[in-house]
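Chemist: What follows is a predicted structure for the sequence shown.
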Amino acid sequence: MSSVDAPARRSPVSRVAGWFTPHIALARVAWLRTVLYLFVILDMHAFVRDTRLKGEHSGLYQPLLLARILDLPRPSVAITTTLYVVLIVTCLVGATNYFPRITGWIVAPAFTWWVLIGMSDGKVDHDHLALVIALWVLPTVKSGRRGPAAYGDQTRSEAAGWAVRCVQICVIATYFLSAVAKLRSAGWALTWPGSAVLTWAIVRRPHPVGEWLLHHPGLLHGMQWVGIVAEFLSPVILWLKGRWQLLGALFFLGFHAANTAILLIHFLPTVVCWLAFAPLERLVPWLRRRRTRKASDGDAGEAEDQAEEGRQAKEQAGA
Amino acid sequence: MTSGQEPAGDVRLGRVGKGLRILVAVAGIGLLVNGSVRATDDAWPFGPMSQYAMSVPDDASITYTRISAQTDAGTTVDVPLNIEGAGVARAEIEARTGEIVKDPSLLQQVADGWAEKHPDEPKYVKLALIRDTTQLVNGRVAGPPTPEVLATWEVRR
(Lines give C-alpha, C1' and ligand atoms only; values in the text may rest on other atoms or scores of the structure.)
Protein backbone atom coordinates (compact mmCIF):
# COMPACT_ATOMS: atom_id res chain seq x y z
CA MET A 1 0.00 0.00 0.00
CA SER A 2 3.00 2.26 0.33
CA SER A 3 2.80 3.10 -3.33
CA VAL A 4 -0.46 5.01 -2.89
CA ASP A 5 0.02 6.33 0.61
CA ALA A 6 0.52 9.94 -0.38
CA PRO A 7 -3.19 10.89 -0.39
CA ALA A 8 -3.85 8.98 2.83
CA ARG A 9 -1.29 11.04 4.73
CA ARG A 10 -2.72 14.36 3.58
CA SER A 11 -4.89 16.52 5.77
CA PRO A 12 -8.63 16.59 5.10
CA VAL A 13 -8.34 20.11 3.69
CA SER A 14 -5.70 19.18 1.17
CA ARG A 15 -7.64 16.05 0.27
CA VAL A 16 -10.71 18.16 -0.49
CA ALA A 17 -8.49 20.57 -2.41
CA GLY A 18 -7.04 17.64 -4.29
CA TRP A 19 -10.51 16.40 -5.18
CA PHE A 20 -11.35 19.73 -6.76
CA THR A 21 -8.05 19.80 -8.66
CA PRO A 22 -7.25 16.31 -9.93
CA HIS A 23 -4.29 15.92 -12.28
CA ILE A 24 -5.75 15.57 -15.75
CA ALA A 25 -3.98 15.62 -19.10
CA LEU A 26 -4.26 18.87 -21.06
CA ALA A 27 -5.35 16.75 -24.02
CA ARG A 28 -8.78 16.24 -22.42
CA VAL A 29 -9.28 20.00 -22.22
CA ALA A 30 -8.15 20.35 -25.83
CA TRP A 31 -10.79 17.84 -26.95
CA LEU A 32 -13.43 19.52 -24.82
CA ARG A 33 -12.59 22.88 -26.37
CA THR A 34 -13.05 21.55 -29.87
CA VAL A 35 -16.25 19.65 -29.15
CA LEU A 36 -17.88 22.30 -26.97
CA TYR A 37 -17.00 25.30 -29.14
CA LEU A 38 -18.38 23.50 -32.19
CA PHE A 39 -21.41 22.50 -30.14
CA VAL A 40 -22.03 26.16 -29.31
CA ILE A 41 -22.37 26.86 -33.03
CA LEU A 42 -24.84 23.99 -33.35
CA ASP A 43 -26.69 25.20 -30.25
CA MET A 44 -27.07 28.71 -31.70
CA HIS A 45 -28.84 27.26 -34.73
CA ALA A 46 -30.72 24.32 -33.26
CA PHE A 47 -31.52 25.03 -29.61
CA VAL A 48 -31.16 28.60 -28.37
CA ARG A 49 -31.84 29.77 -31.89
CA ASP A 50 -34.32 32.60 -31.41
CA THR A 51 -31.87 35.12 -29.98
CA ARG A 52 -31.50 37.01 -33.25
CA LEU A 53 -35.25 37.02 -33.67
CA LYS A 54 -35.53 38.58 -30.23
CA GLY A 55 -33.28 41.35 -31.45
CA GLU A 56 -35.87 42.08 -34.12
CA HIS A 57 -38.98 41.77 -31.94
CA SER A 58 -38.18 42.55 -28.34
CA GLY A 59 -41.84 42.96 -27.33
CA LEU A 60 -41.84 39.96 -25.01
CA TYR A 61 -38.34 40.70 -23.62
CA GLN A 62 -38.21 40.22 -19.86
CA PRO A 63 -34.60 40.49 -18.69
CA LEU A 64 -33.42 37.81 -16.23
CA LEU A 65 -31.70 38.69 -12.94
CA LEU A 66 -28.19 38.40 -14.39
CA ALA A 67 -29.08 40.73 -17.27
CA ARG A 68 -30.50 43.25 -14.78
CA ILE A 69 -27.51 43.05 -12.45
CA LEU A 70 -25.15 43.64 -15.37
CA ASP A 71 -27.52 46.26 -16.76
CA LEU A 72 -27.35 44.65 -20.20
CA PRO A 73 -29.05 46.69 -22.91
CA ARG A 74 -32.32 45.55 -24.44
CA PRO A 75 -31.51 43.24 -27.38
CA SER A 76 -31.39 44.98 -30.75
CA VAL A 77 -30.57 43.74 -34.21
CA ALA A 78 -27.10 45.31 -33.87
CA ILE A 79 -26.41 43.52 -30.57
CA THR A 80 -27.66 40.09 -31.56
CA THR A 81 -25.99 40.21 -34.98
CA THR A 82 -22.69 41.23 -33.40
CA LEU A 83 -23.01 38.44 -30.83
CA TYR A 84 -23.75 35.98 -33.62
CA VAL A 85 -20.75 36.94 -35.73
CA VAL A 86 -18.37 37.16 -32.77
CA LEU A 87 -19.49 33.77 -31.46
CA ILE A 88 -19.15 32.03 -34.81
CA VAL A 89 -15.65 33.42 -35.41
CA THR A 90 -14.31 32.86 -31.88
CA CYS A 91 -15.83 29.38 -31.61
CA LEU A 92 -14.27 28.34 -34.91
CA VAL A 93 -10.86 29.67 -33.90
CA GLY A 94 -11.12 28.34 -30.32
CA ALA A 95 -12.07 24.89 -31.61
CA THR A 96 -8.71 24.65 -33.39
CA ASN A 97 -6.87 25.06 -30.06
CA TYR A 98 -5.01 28.07 -31.42
CA PHE A 99 -5.45 31.18 -29.23
CA PRO A 100 -7.55 29.02 -26.88
CA ARG A 101 -7.62 31.44 -23.96
CA ILE A 102 -8.34 34.69 -25.79
CA THR A 103 -11.11 33.11 -27.81
CA GLY A 104 -12.38 31.29 -24.73
CA TRP A 105 -12.69 34.49 -22.74
CA ILE A 106 -14.73 35.98 -25.57
CA VAL A 107 -16.96 32.94 -26.14
CA ALA A 108 -17.89 32.60 -22.44
CA PRO A 109 -19.51 36.02 -21.89
CA ALA A 110 -20.82 36.23 -25.45
CA PHE A 111 -22.60 32.88 -25.27
CA THR A 112 -23.88 33.59 -21.77
CA TRP A 113 -25.43 36.81 -23.09
CA TRP A 114 -26.77 34.93 -26.12
CA VAL A 115 -28.53 32.41 -23.88
CA LEU A 116 -29.68 35.13 -21.48
CA ILE A 117 -31.47 36.85 -24.36
CA GLY A 118 -32.83 33.55 -25.65
CA MET A 119 -34.35 32.75 -22.27
CA SER A 120 -35.62 36.24 -21.47
CA ASP A 121 -39.18 35.70 -22.54
CA GLY A 122 -40.72 33.96 -19.59
CA LYS A 123 -39.32 30.51 -20.37
CA VAL A 124 -36.03 29.21 -19.01
CA ASP A 125 -34.55 25.86 -20.01
CA HIS A 126 -32.46 23.91 -17.55
CA ASP A 127 -30.16 22.08 -19.92
CA HIS A 128 -27.50 24.78 -20.34
CA LEU A 129 -25.89 24.91 -16.90
CA ALA A 130 -22.98 22.55 -17.59
CA LEU A 131 -22.28 23.97 -21.05
CA VAL A 132 -22.25 27.59 -19.92
CA ILE A 133 -20.05 26.83 -16.92
CA ALA A 134 -17.75 24.75 -19.14
CA LEU A 135 -17.24 27.75 -21.40
CA TRP A 136 -16.26 29.87 -18.39
CA VAL A 137 -13.79 27.36 -16.94
CA LEU A 138 -12.08 26.20 -20.17
CA PRO A 139 -10.13 29.44 -20.72
CA THR A 140 -8.73 29.27 -17.17
CA VAL A 141 -6.53 26.39 -18.34
CA LYS A 142 -3.12 27.40 -19.62
CA SER A 143 -2.50 25.13 -22.54
CA GLY A 144 0.86 23.70 -23.47
CA ARG A 145 0.86 22.72 -27.10
CA ARG A 146 -1.19 24.60 -29.69
CA GLY A 147 -3.27 23.42 -32.59
CA PRO A 148 -3.57 19.73 -33.43
CA ALA A 149 -0.64 18.85 -31.15
CA ALA A 150 -2.84 19.78 -28.17
CA TYR A 151 -4.99 16.66 -28.59
CA GLY A 152 -2.04 14.48 -27.69
CA ASP A 153 -0.64 16.60 -24.86
CA GLN A 154 -0.30 14.16 -21.96
CA THR A 155 1.04 16.83 -19.60
CA ARG A 156 -1.20 16.56 -16.57
CA SER A 157 -2.32 19.75 -14.97
CA GLU A 158 -4.26 20.66 -11.85
CA ALA A 159 -5.77 23.61 -13.69
CA ALA A 160 -7.12 21.22 -16.32
CA GLY A 161 -8.38 18.97 -13.55
CA TRP A 162 -10.27 21.84 -11.91
CA ALA A 163 -11.94 22.84 -15.15
CA VAL A 164 -12.95 19.26 -15.90
CA ARG A 165 -14.18 18.79 -12.32
CA CYS A 166 -16.33 21.93 -12.54
CA VAL A 167 -18.01 20.62 -15.68
CA GLN A 168 -18.55 17.23 -14.06
CA ILE A 169 -20.10 18.85 -10.98
CA CYS A 170 -22.46 20.88 -13.14
CA VAL A 171 -23.54 17.85 -15.15
CA ILE A 172 -24.36 15.95 -11.97
CA ALA A 173 -25.94 19.04 -10.35
CA THR A 174 -28.36 19.21 -13.26
CA TYR A 175 -29.79 15.84 -12.20
CA PHE A 176 -29.47 16.07 -8.44
CA LEU A 177 -30.94 19.55 -8.25
CA SER A 178 -33.84 18.57 -10.47
CA ALA A 179 -34.70 15.92 -7.87
CA VAL A 180 -34.49 18.67 -5.23
CA ALA A 181 -36.80 20.85 -7.33
CA LYS A 182 -39.32 18.01 -7.43
CA LEU A 183 -39.41 17.84 -3.65
CA ARG A 184 -39.60 21.61 -3.31
CA SER A 185 -42.48 22.07 -5.73
CA ALA A 186 -44.54 19.67 -3.60
CA GLY A 187 -43.79 21.64 -0.43
CA TRP A 188 -40.78 19.40 0.36
CA ALA A 189 -42.71 16.16 0.01
CA LEU A 190 -42.12 13.09 -2.13
CA THR A 191 -45.32 13.17 -4.17
CA TRP A 192 -43.80 13.63 -7.63
CA PRO A 193 -43.08 9.99 -8.54
CA GLY A 194 -46.66 8.92 -7.77
CA SER A 195 -48.24 11.88 -9.55
CA ALA A 196 -49.61 12.21 -13.06
CA VAL A 197 -46.74 14.40 -14.26
CA LEU A 198 -45.77 12.28 -17.27
CA THR A 199 -49.43 11.94 -18.30
CA TRP A 200 -49.66 15.72 -18.09
CA ALA A 201 -46.51 16.13 -20.18
CA ILE A 202 -47.71 13.71 -22.86
CA VAL A 203 -51.17 15.28 -23.13
CA ARG A 204 -49.48 18.59 -23.78
CA ARG A 205 -47.01 17.18 -26.31
CA PRO A 206 -48.86 14.33 -27.97
CA HIS A 207 -46.98 11.84 -30.14
CA PRO A 208 -47.38 8.10 -30.87
CA VAL A 209 -45.05 6.67 -28.19
CA GLY A 210 -46.58 8.90 -25.55
CA GLU A 211 -50.15 8.17 -26.50
CA TRP A 212 -49.50 4.46 -26.18
CA LEU A 213 -48.03 5.09 -22.71
CA LEU A 214 -51.11 7.08 -21.65
CA HIS A 215 -52.95 3.76 -21.44
CA HIS A 216 -50.38 2.43 -18.98
CA PRO A 217 -50.21 4.84 -16.02
CA GLY A 218 -48.47 2.16 -13.94
CA LEU A 219 -45.58 2.10 -16.37
CA LEU A 220 -45.37 5.89 -16.25
CA HIS A 221 -45.24 5.82 -12.43
CA GLY A 222 -42.46 3.23 -12.64
CA MET A 223 -40.47 5.52 -14.90
CA GLN A 224 -41.01 8.43 -12.55
CA TRP A 225 -39.64 6.40 -9.63
CA VAL A 226 -36.60 5.28 -11.60
CA GLY A 227 -36.02 8.86 -12.70
CA ILE A 228 -36.14 10.50 -9.29
CA VAL A 229 -34.12 7.78 -7.55
CA ALA A 230 -31.44 8.02 -10.25
CA GLU A 231 -31.37 11.80 -9.95
CA PHE A 232 -30.90 11.60 -6.18
CA LEU A 233 -28.13 9.03 -6.53
CA SER A 234 -26.38 10.81 -9.41
CA PRO A 235 -23.66 12.44 -7.23
CA VAL A 236 -22.24 8.96 -6.61
CA ILE A 237 -20.95 9.04 -10.19
CA LEU A 238 -18.45 11.73 -9.20
CA TRP A 239 -16.71 9.19 -7.00
CA LEU A 240 -17.09 6.10 -9.15
CA LYS A 241 -14.11 4.89 -11.16
CA GLY A 242 -13.50 3.25 -14.49
CA ARG A 243 -16.16 0.83 -15.64
CA TRP A 244 -18.63 1.71 -12.89
CA GLN A 245 -18.48 5.34 -13.81
CA LEU A 246 -18.97 4.43 -17.46
CA LEU A 247 -22.02 2.42 -16.44
CA GLY A 248 -23.41 5.43 -14.56
CA ALA A 249 -22.82 7.66 -17.56
CA LEU A 250 -24.47 5.15 -19.92
CA PHE A 251 -27.47 4.94 -17.60
CA PHE A 252 -28.01 8.68 -17.83
CA LEU A 253 -27.50 8.68 -21.58
CA GLY A 254 -30.26 6.04 -21.72
CA PHE A 255 -32.34 8.23 -19.42
CA HIS A 256 -32.03 11.04 -21.97
CA ALA A 257 -32.89 8.70 -24.82
CA ALA A 258 -36.08 7.74 -22.94
CA ASN A 259 -36.87 11.39 -22.21
CA THR A 260 -36.43 12.20 -25.86
CA ALA A 261 -38.81 9.42 -26.84
CA ILE A 262 -41.46 10.23 -24.23
CA LEU A 263 -41.23 13.98 -23.74
CA LEU A 264 -39.38 15.10 -26.87
CA ILE A 265 -36.82 16.74 -24.60
CA HIS A 266 -33.25 15.92 -25.58
CA PHE A 267 -31.07 17.89 -23.12
CA LEU A 268 -28.16 17.67 -25.60
CA PRO A 269 -26.32 20.67 -24.11
CA THR A 270 -26.00 18.63 -20.90
CA VAL A 271 -25.39 15.34 -22.70
CA VAL A 272 -22.37 16.71 -24.59
CA CYS A 273 -20.81 17.77 -21.28
CA TRP A 274 -20.72 14.13 -20.12
CA LEU A 275 -17.54 14.05 -22.24
CA ALA A 276 -15.81 15.71 -19.29
CA PHE A 277 -15.95 12.27 -17.65
CA ALA A 278 -14.43 10.49 -20.65
CA PRO A 279 -10.66 9.85 -20.78
CA LEU A 280 -10.42 11.69 -24.09
CA GLU A 281 -6.67 12.13 -23.58
CA ARG A 282 -6.29 8.45 -24.45
CA LEU A 283 -7.60 8.89 -27.98
CA VAL A 284 -4.34 10.05 -29.59
CA PRO A 285 -2.10 7.41 -27.91
CA TRP A 286 -4.66 4.78 -28.89
CA LEU A 287 -4.66 5.94 -32.50
CA ARG A 288 -0.88 6.09 -32.52
CA ARG A 289 -0.63 2.58 -31.15
CA ARG A 290 -2.95 1.31 -33.82
CA ARG A 291 -0.85 2.97 -36.46
CA THR A 292 2.47 1.56 -35.14
CA ARG A 293 0.89 -1.84 -34.76
CA LYS A 294 -0.05 -1.74 -38.39
CA ALA A 295 3.41 -0.53 -39.44
CA SER A 296 5.46 -3.05 -37.45
CA ASP A 297 4.09 -6.22 -35.91
CA GLY A 298 4.38 -5.86 -32.13
CA ASP A 299 7.74 -4.77 -30.78
CA ALA A 300 8.80 -3.72 -27.30
CA GLY A 301 7.49 -0.19 -27.84
CA GLU A 302 3.97 -1.45 -27.90
CA ALA A 303 4.20 -3.20 -24.59
CA GLU A 304 5.61 -0.04 -23.08
CA ASP A 305 2.75 1.97 -24.49
CA GLN A 306 0.27 -0.40 -23.00
CA ALA A 307 1.87 -0.22 -19.60
CA GLU A 308 1.82 3.55 -19.85
CA GLU A 309 -1.83 3.54 -20.82
CA GLY A 310 -2.70 1.25 -17.94
CA ARG A 311 -1.03 3.61 -15.51
CA GLN A 312 -2.84 6.62 -16.85
CA ALA A 313 -6.12 4.79 -16.88
CA LYS A 314 -5.70 3.99 -13.21
CA GLU A 315 -4.78 7.49 -12.22
CA GLN A 316 -7.20 9.44 -14.34
CA ALA A 317 -10.24 7.26 -14.55
CA GLY A 318 -12.97 8.81 -12.56
CA ALA A 319 -11.06 12.01 -12.15
CA MET B 1 5.98 4.77 -9.25
CA THR B 2 6.53 3.56 -5.70
CA SER B 3 7.70 6.88 -4.35
CA GLY B 4 4.21 8.42 -4.37
CA GLN B 5 5.65 11.49 -6.05
CA GLU B 6 4.10 13.27 -9.00
CA PRO B 7 5.46 12.39 -12.42
CA ALA B 8 7.88 15.09 -13.50
CA GLY B 9 5.65 16.49 -16.23
CA ASP B 10 2.70 17.51 -14.03
CA VAL B 11 1.78 21.17 -13.94
CA ARG B 12 0.65 22.11 -10.46
CA LEU B 13 -1.20 25.16 -9.32
CA GLY B 14 0.25 27.71 -6.96
CA ARG B 15 -1.34 28.17 -3.54
CA VAL B 16 -3.26 31.26 -4.63
CA GLY B 17 -4.43 29.77 -7.92
CA LYS B 18 -5.57 26.61 -6.22
CA GLY B 19 -7.25 28.40 -3.33
CA LEU B 20 -9.06 30.77 -5.64
CA ARG B 21 -10.32 27.95 -7.82
CA ILE B 22 -11.63 25.97 -4.90
CA LEU B 23 -13.29 29.10 -3.53
CA VAL B 24 -15.00 29.70 -6.87
CA ALA B 25 -16.13 26.08 -7.09
CA VAL B 26 -17.53 26.07 -3.56
CA ALA B 27 -19.24 29.44 -4.12
CA GLY B 28 -20.73 28.10 -7.35
CA ILE B 29 -22.08 25.04 -5.59
CA GLY B 30 -23.48 27.35 -2.92
CA LEU B 31 -25.23 29.47 -5.54
CA LEU B 32 -26.68 26.36 -7.16
CA VAL B 33 -28.01 24.99 -3.87
CA ASN B 34 -29.40 28.41 -2.94
CA GLY B 35 -31.08 28.61 -6.33
CA SER B 36 -32.66 25.21 -5.98
CA VAL B 37 -33.86 25.81 -2.44
CA ARG B 38 -35.13 29.39 -2.70
CA ALA B 39 -34.77 31.04 -6.09
CA THR B 40 -36.85 31.03 -9.27
CA ASP B 41 -35.99 30.69 -12.95
CA ASP B 42 -35.05 34.37 -12.82
CA ALA B 43 -31.73 33.37 -11.23
CA TRP B 44 -30.51 31.52 -14.34
CA PRO B 45 -28.02 29.86 -14.58
CA PHE B 46 -28.26 29.37 -10.81
CA GLY B 47 -32.02 28.88 -10.65
CA PRO B 48 -33.88 25.70 -9.71
CA MET B 49 -34.02 22.79 -12.17
CA SER B 50 -37.78 22.97 -12.15
CA GLN B 51 -38.65 21.61 -15.61
CA TYR B 52 -41.38 18.99 -15.11
CA ALA B 53 -40.79 19.18 -11.36
CA MET B 54 -44.39 19.64 -10.27
CA SER B 55 -46.57 16.91 -8.83
CA VAL B 56 -49.66 16.69 -11.02
CA PRO B 57 -52.69 15.37 -9.08
CA ASP B 58 -54.69 12.41 -10.42
CA ASP B 59 -57.75 14.62 -10.99
CA ALA B 60 -55.88 17.49 -12.64
CA SER B 61 -57.19 19.62 -15.45
CA ILE B 62 -54.44 19.75 -18.04
CA THR B 63 -54.38 22.95 -20.04
CA TYR B 64 -52.78 23.48 -23.37
CA THR B 65 -52.64 26.92 -24.93
CA ARG B 66 -52.73 27.46 -28.65
CA ILE B 67 -53.45 30.25 -31.09
CA SER B 68 -56.05 29.75 -33.76
CA ALA B 69 -55.96 31.99 -36.83
CA GLN B 70 -58.45 32.96 -39.51
CA THR B 71 -56.58 33.61 -42.72
CA ASP B 72 -57.30 35.90 -45.66
CA ALA B 73 -57.91 32.70 -47.63
CA GLY B 74 -60.95 32.02 -45.47
CA THR B 75 -59.44 29.09 -43.58
CA THR B 76 -58.99 28.55 -39.86
CA VAL B 77 -55.64 27.10 -38.79
CA ASP B 78 -53.64 26.47 -35.63
CA VAL B 79 -50.64 28.79 -35.60
CA PRO B 80 -47.41 26.74 -35.55
CA LEU B 81 -45.90 28.03 -32.31
CA ASN B 82 -42.21 27.58 -32.95
CA ILE B 83 -39.34 29.53 -34.40
CA GLU B 84 -39.91 28.41 -37.98
CA GLY B 85 -43.67 28.95 -37.77
CA ALA B 86 -44.64 32.25 -36.23
CA GLY B 87 -41.27 32.94 -34.63
CA VAL B 88 -42.55 32.45 -31.11
CA ALA B 89 -42.59 29.28 -28.98
CA ARG B 90 -45.66 27.87 -27.28
CA ALA B 91 -43.95 28.05 -23.91
CA GLU B 92 -43.49 31.78 -24.38
CA ILE B 93 -47.16 32.24 -25.14
CA GLU B 94 -48.12 30.12 -22.13
CA ALA B 95 -45.78 32.04 -19.87
CA ARG B 96 -47.28 35.34 -21.01
CA THR B 97 -50.94 34.32 -21.24
CA GLY B 98 -52.04 36.72 -18.49
CA GLU B 99 -50.38 39.64 -20.23
CA ILE B 100 -51.86 38.72 -23.59
CA VAL B 101 -55.35 38.51 -22.09
CA LYS B 102 -54.88 42.02 -20.65
CA ASP B 103 -53.35 43.36 -23.85
CA PRO B 104 -54.34 41.24 -26.89
CA SER B 105 -52.28 43.55 -29.15
CA LEU B 106 -49.27 41.43 -28.11
CA LEU B 107 -50.69 38.86 -30.56
CA GLN B 108 -49.85 41.22 -33.42
CA GLN B 109 -46.27 40.01 -33.14
CA VAL B 110 -47.43 36.47 -33.92
CA ALA B 111 -49.15 37.61 -37.14
CA ASP B 112 -46.12 39.72 -38.09
CA GLY B 113 -43.76 36.83 -37.42
CA TRP B 114 -45.84 34.50 -39.60
CA ALA B 115 -46.18 37.01 -42.45
CA GLU B 116 -42.46 37.73 -42.40
CA LYS B 117 -41.40 34.10 -42.47
CA HIS B 118 -44.05 32.90 -44.90
CA PRO B 119 -44.64 35.75 -47.36
CA ASP B 120 -46.30 33.44 -49.89
CA GLU B 121 -48.79 31.84 -47.50
CA PRO B 122 -52.24 33.21 -46.56
CA LYS B 123 -52.02 36.03 -44.01
CA TYR B 124 -53.66 35.90 -40.60
CA VAL B 125 -56.59 38.31 -40.26
CA LYS B 126 -57.91 37.34 -36.85
CA LEU B 127 -56.16 35.52 -34.01
CA ALA B 128 -57.68 33.76 -31.02
CA LEU B 129 -55.77 32.65 -27.95
CA ILE B 130 -57.42 29.38 -26.95
CA ARG B 131 -56.99 27.20 -23.90
CA ASP B 132 -57.80 23.50 -24.28
CA THR B 133 -58.57 21.70 -21.04
CA THR B 134 -58.20 17.92 -20.70
CA GLN B 135 -59.65 16.39 -17.53
CA LEU B 136 -57.90 13.57 -15.67
CA VAL B 137 -59.88 11.05 -13.64
CA ASN B 138 -57.87 8.68 -11.43
CA GLY B 139 -54.74 9.63 -13.35
CA ARG B 140 -56.23 8.77 -16.73
CA VAL B 141 -57.44 11.00 -19.55
CA ALA B 142 -61.24 11.19 -19.27
CA GLY B 143 -62.16 12.53 -22.70
CA PRO B 144 -61.39 15.01 -25.45
CA PRO B 145 -60.26 18.55 -24.49
CA THR B 146 -62.66 21.49 -23.97
CA PRO B 147 -61.60 24.70 -25.74
CA GLU B 148 -62.00 28.19 -24.23
CA VAL B 149 -61.25 31.47 -26.04
CA LEU B 150 -59.13 33.73 -23.82
CA ALA B 151 -58.43 36.64 -26.16
CA THR B 152 -58.97 37.67 -29.76
CA TRP B 153 -57.13 40.13 -31.93
CA GLU B 154 -57.98 41.65 -35.31
CA VAL B 155 -54.64 41.77 -37.09
CA ARG B 156 -53.40 45.24 -38.13
CA ARG B 157 -52.05 45.35 -41.61
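Modeler: Arrived safely, thanks for sending.

Chemist: to the chain's geometric centre, what's the distance from stretch A:185-193?
Modeler: Its chain's C-alpha centre and that of stretch A:185-193 lie 27 Å apart, by C-alpha atoms, centre = their mean, to the nearest Å.

Chemist: what about B:Val149, which SS state?
Modeler: What DSSP: H, G, I helix; E, B strand; the rest coil gives for B:Val149 is strand.

Chemist: ah, wrong one, I meant B:Ala128
Modeler: Per three-state DSSP, B:Ala128 ends up strand.

Chemist: Across the sheet, point out what pairs with it.
Modeler: Going by DSSP bridges, B:Ala128 is paired in beta bridges with B:Ser68, B:Thr152.

Chemist: Pretty sure it sits against B:Glu154.
Modeler: No: judged on C-beta atoms under 8 Å, B:Ala128 makes no contact with B:Glu154 at a distance of 10.6 Å. Yep, even glycine has a C-beta here, placed from its N, CA and C like the rest.

Chemist: Show me which of those two is the more surrounded one.
Modeler: A count of neighbours by other C-beta atoms under 10 Å in any protein chain shown puts B:Ala128 above the other of B:Ala128 and B:Glu154, at 19 against 14.

Chemist: ok, so what distance separates that one from chain A?
Modeler: From B:Ala128 across to chain A, the span is 19 Å (C-beta to the nearest C-beta, to the nearest Å).

Chemist: Please go through the chain and pick out the longest helix.
Modeler: Here I'm looking at chain A. For chain A, the helix with the greatest residue count under DSSP state H is helix A:158-185.

Chemist: you looked at the wrong chain, it should be chain B
Modeler: As assigned by DSSP H, the longest helix anywhere in chain B is helix B:15-38.

Chemist: Where does pLDDT dip in the chain?
Modeler: You didn't pick a chain, so chain A it is. Scanning chain A for pLDDT under 70 picks out A:1-8, A:297-319.

Chemist: Oops, wrong one, chain B.
Modeler: Using pLDDT under 70, chain B drops low at B:1-8.

Chemist: Nearest the middle, which residue of it would you pick?
Modeler: Nearest residue to the geometric centre of chain B (C-alpha atoms, centre = their mean): B:Ala91, 3.8 Å.

Chemist: isn't that one right next to A:Met119, touching?
Modeler: No: counting by C-beta under 8 Å, B:Ala91 stays clear of A:Met119, with 10.4 Å between them.

Chemist: before we move on, back to that, would you mind pulling up the elements that the helix or strand following the longest helix of chain A packs against?
Modeler: Next along the chain after helix A:158-185, taking DSSP states H and E as the criterion, comes helix A:197-204. Packing contacts for helix A:197-204, counted by 3 or more C-beta pairs under 8 Å, 6 or more residues apart in numbering or on different chains; DSSP states H and E, involve helix A:208-213, helix A:217-233, helix A:242-263, strand B:61-71, strand B:124-137, strand B:140-141.

Chemist: Secondary structure of A:Asn74: a strand, I assume?
Modeler: Actually, residue A:74 is Arg rather than Asn. No: going by three-state DSSP, the assignment for A:Arg74 is coil, not a strand.

Chemist: neighbours around it, how many?
Modeler: Neighbourhood size, A:Arg74 [other C-beta under 10 Å]: 13.

Chemist: List the contacts of it.
Modeler: By C-beta atoms under 8 Å, 6 or more residues apart in numbering or on different chains, A:Arg74 lies in contact with A:58, A:61, A:63.

Chemist: Try it again at 7 Å.
Modeler: Contacts for A:Arg74 (C-beta atoms under 7 Å, 6 or more residues apart in numbering or on different chains) come out as A:58, A:61.

Chemist: From chain B, how far out is it?
Modeler: The gap separating A:Arg74 from chain B is 15 Å, by C-beta to the nearest C-beta.

Chemist: Likewise for A:Arg68?
Modeler: Per C-beta to the nearest C-beta, A:Arg68 is found 9 Å from chain B.

Chemist: neighbours around that residue, how many?
Modeler: Count around A:Arg68 with other C-beta under 10 Å applied: 11.

Chemist: List the buried residues of the helix or strand harbouring it.
Modeler: Under the criterion of DSSP H and E, A:Arg68 resides in helix A:65-69. For helix A:65-69, a neighbour-count test (16 or more other C-beta atoms under 10 Å in any protein chain shown) marks A:65-67 as buried.

Chemist: Name the nearest of those residues relative to chain B.
Modeler: Nearest to chain B among those, counting by C-beta to the nearest C-beta, is A:Leu65 at 4.7 Å.

Chemist: Please name the nearest non-neighbouring residue to that closest one.
Modeler: Computed as C-beta to C-beta, 6 or more residues apart in numbering or on different chains, the closest residue to A:Leu65 that is not its neighbour in sequence is B:Asp42, at 4.7 Å.

Chemist: again, but for A:Val107
Modeler: Closest to A:Val107 by C-beta to C-beta, 6+ apart is A:Thr90, at 5.0 Å.

Chemist: ok so, going back, for the residue nearest to A:Leu65, grab phi and psi.
Modeler: For B:Asp42, the backbone dihedrals are phi -60, psi -30 (criterion: degrees, to the nearest 10).

Chemist: So what's the residue count around the residue of chain A found nearest chain B?
Modeler: Closest contact between chain A and chain B, by C-beta to the nearest C-beta, is at A:Gly122 (3.0 Å). Using other C-beta under 10 Å, A:Gly122 is surrounded by 18 other residues.

Chemist: secondary structure class for it?
Modeler: Classified using three-state DSSP, A:Gly122 is coil.

Chemist: what about the spatially closest residue to it that is not a sequence neighbour, neighbour count?
Modeler: Leaving out its chain neighbours, the residue that sits closest to A:Gly122 by C-beta to C-beta, 6+ apart is B:Ala95, at 3.0 Å. Counted with other C-beta under 10 Å, residues neighbouring B:Ala95 total 18.

Chemist: quick one: B:Ala95 and A:Met119 touch, right?
Modeler: No: at 10.8 Å, B:Ala95 does not count as touching A:Met119 under the criterion of C-beta atoms under 7 Å.

Chemist: ok, residues contacting the helix or strand hosting A:Gly94?
Modeler: Using DSSP H and E, A:Gly94 sits within helix A:77-95. Under the criterion C-beta under 7 Å, 6+ apart, residues A:33-34, A:37-38, A:40-41, A:44, A:51-52, A:54-56, A:73, A:99-100, A:103-104, A:106-107, A:110-111, A:113-114, A:117 lie in contact with helix A:77-95.

Chemist: which strands and helices sit next to the following helix or strand past it?
Modeler: As assigned by DSSP H and E, the chain's next helix or strand after helix A:77-95 is helix A:100-118. Packed against helix A:100-118 by the contact rule (3 or more C-beta pairs under 7 Å, 6 or more residues apart in numbering or on different chains; DSSP states H and E) you find helix A:26-46, helix A:51-56, helix A:77-95, helix A:129-137.

Chemist: All good on my end, thank you.
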